[in-house]
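K.L.:
can you look at this prediction? I've put the sequence above it.
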Amino acid sequence: MSTLTIAEASELIWELLQSLEDSYWEASHCDDKDRVFNLMQILNAEYMELLKVSVQDHHYEYEVISTSQATLMQLVSEFQRNEASRPRRQKTSARLSGLMNRLTANLTNN
């Protein structure tokens, strides 16, 4: 598997944020909303940092900026475990699962 570039990571995180927003509005309990919101905040901080990177540098390999890679991996893994049993619309569930798997695969690859 090839490494993720900054441009690809920006796109992936943006898509993930959009999917998490759908998931937030579909959550029926406050605890579920809190879990989604927490991950959204962390990914939003990462996305904001990636926006600061010059477009000329978007071809470089992506590295987590706003937190440690281990912390992000742990949060994503915990979120995936908890969300597996949560009811969601099929479209949201499939999209969220696919994006989370892509992020996890690329973070583990580095």
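P.N.:
Yep, that arrived. Residues are numbered from 1 along each chain as shown.

K.L.:
mean confidence score for stretch 23-39?
P.N.:
Averaging pLDDT along stretch 23-39 gives 91.

K.L.:
what do you get for stretch 44-62?
P.N.:
Across stretch 44-62, pLDDT averages out at 90.

K.L.:
list the buried ones in it?
P.N.:
Judged by neighbour count using 16 or more other C-beta atoms under 10 Å, the buried positions of stretch 44-62 are 44, 46-47, 50, 53, 62. To be clear about C-beta, it is placed using only N, CA and C from the backbone, and glycine gets the same treatment.

K.L.:
how distant is it from the center of its chain?
P.N.:
Distance of stretch 44-62 from the chain centroid (C-alpha atoms, centre = their mean, to the nearest Å) equals 15 Å.

K.L.:
do stretch 70-86 as well
P.N.:
Mean-position distance between stretch 70-86 and its chain equals 10 Å (C-alpha atoms, centre = their mean).

K.L.:
count of neighbours near Ile42?
P.N.:
Other residues near Ile42 number 17, with proximity taken as other C-beta atoms under 10 Å.

K.L.:
quick check, it in a helix?
P.N.:
Yes. Using DSSP: H, G, I helix; E, B strand; the rest coil, the assignment for Ile42 is a helix.

K.L.:
for it, what are its contacts?
P.N.:
Neighbouring residues of Ile42 by C-beta atoms under 8 Å, 6 or more residues apart in numbering: 66-67, 72, 75.

K.L.:
can you check Thr92 too?
P.N.:
Shown in contact with Thr92 (C-beta under 8 Å, 6+ apart): 19, 22-23, 26.

K.L.:
in TSV, list the residues you listed along with distance to Phe37 and secondary structure.
P.N.:
As requested, the contacts of Thr92 are exported to TSV (distance: C-beta to C-beta, whole Å; DSSP: H, G, I helix; E, B strand; the rest coil):
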residue	distance to Phe37	secondary structure
Ser19	14	helix
Asp22	13	helix
Ser23	10	helix
Glu26	13	helix
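
K.L.:
which residues of the protein fall in helices?
P.N.:
Assigned by DSSP state H, the chain shows helices spanning 6-26, 30-51, 69-83, 90-109.
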